[in-house]
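Asks: for reference, the sequence and a predicted model appear below.
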Amino acid sequence: MKIGILGGSFDPIHKGHMYMALMAKKYMNLDLVYIIPAGHSPNKDENRMTKSSDRLEMCRLACKKQEGIIVSDIEIKSRETSYTYKTIKKVHELEPCHELYFIMGADSLDYFEKWKKPEIIAKYSDIVVVNRDLYSKKDLEEKIARINKIFPAKIHVLDCPKMDISSTKIRDYIRHKDMRNASEMLDGTVLSYIKENRIYV
């Protein structure tokens, strides 16, 4: 079985995240994609993040009707800092017979080698880079070649149209009561959950 892994704070999860997951699933012929919201993020102030139970529930709502897209609480349940290499290794231990594909945005290639133990990520999974009209083919080939000089990594590039969506924009829209723009970026059930629980206000 081929399993994709898409991690993030998902604060909130939006249509851009789901688009990445679905495109990777389709074009890499993945059987499943795990959406994994971060637990204890090393790069963000947890006091400024929405509580993990809300982020997890929003992910579940967004993925409810998507066949083959599954939400995992593997990071949220852990007391450890959420490093991608640890998560990939844990999923490998749970699914040792399956092929893993770590999904990330093309902009992450600029600093992927500076992540915590990226060679472990590359050891246990192929890397699926979603290029949303950010870089040319030549730029990406140069970035991939640079990484492979540091450690071996099997990197696939998936070209997709750009979607001008971000969690930061959505939070700002909701704070300013601009629900029309927010609704264009979110699954309806996620927006309803945000309203009912007064998140981001």
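Replies: Arrived safely. The structure displayed is predicted, hence computed values, not measured ones.
Asks: pretty sure Tyr34 sits in a strand.
Replies: Yes - Tyr34: assigned to a strand according to DSSP: H, G, I helix; E, B strand; the rest coil.
Asks: quick thing: my sequence starts at 643, can you match it?
Replies: New numbering, starting at 643: the last item is Tyr676.
Asks: count the neighbours of it for me.
Replies: For Tyr676, the count of nearby residues is 22 (other CB atoms under 10 Å). The C-beta positions use only the backbone N, C-alpha and C, and glycine is treated the same way.
Asks: distance of Gly650 relative to Ile816?
Replies: As judged by CB to CB, to the nearest Å, Gly650 and Ile816 stand 18 Å apart.
Asks: now Ile797: closest residue in space that isn't a chain neighbour?
Replies: Once flanking residues are discounted, Ile797 sits nearest to Ile769: 4.4 Å by CB to CB, 6 or more residues apart in numbering.
Asks: what's across from that neighbour in the sheet?
Replies: Phe744, Ile797 (DSSP bridges).
Asks: what's the answer for the one 4 residues further on, then?
Replies: Judged by DSSP bridges, the bridge partners of Asn773 are Asp801.
Asks: what's the spacing between it and Gly747?
Replies: Distance, Asn773 to Gly747, by CB to CB: 8 Å.
Asks: show me which of the two is the more surrounded one.
Replies: Counted by other CB under 10 Å, Asn773 and Gly747 do not tie: Asn773 has more neighbours, with 19 against 14.
Asks: re earlier: mind listing what the residue nearest to Ile797 touches?
Replies: Applying CB atoms under 8 Å, 6 or more residues apart in numbering, we find Ile769 in contact with 743-744, 746, 754, 763, 795-798.
Asks: and these, which two are furthest apart?
Replies: The distance between the two most remote of the contacts of Ile769 (CB to CB) is 15.0 Å, for Tyr743 and Phe754.
Asks: and Tyr669, how far from Ser695?
Replies: Tyr669 is 33 Å from Ser695, where distance means CB to CB.
Asks: ok, the two, which is more surrounded?
Replies: More crowded of Tyr669 and Ser695, by other CB under 10 Å: Tyr669, with 14 against 10.
Asks: any idea how many residues pack against the residue nearest to the more buried one when sequence neighbours are not counted?
Replies: Nearest residue to Tyr669, sequence neighbours excluded (CB to CB, 6+ apart): Leu800, at 5.6 Å. The number of residues packed near Leu800 is 17, by other CB under 10 Å.
Asks: could you dump the contacts of Ile769 into CSV and include pLDDT and neighbour count?
Replies: Converted to CSV, the contacts of Ile769 look like this (pLDDT from 0 to 100; neighbours: other CB atoms under 10 Å):
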residue, pLDDT, neighbour count
Tyr743, 98, 22
Phe744, 98, 23
Met746, 96, 22
Phe754, 96, 22
Ile763, 98, 26
Ala795, 98, 18
Lys796, 98, 12
Ile797, 98, 20
His798, 97, 15
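Asks: mind listing what's buried in stretch 711-720?
Replies: By neighbour count with 16 or more other CB atoms under 10 Å, stretch 711-720 contains the buried residues 711, 713-714, 716-718.
Asks: over to stretch 820-833?
Replies: Using 16+ other CB under 10 Å as the test for burial, stretch 820-833 gives 824, 827-829, 832-833.
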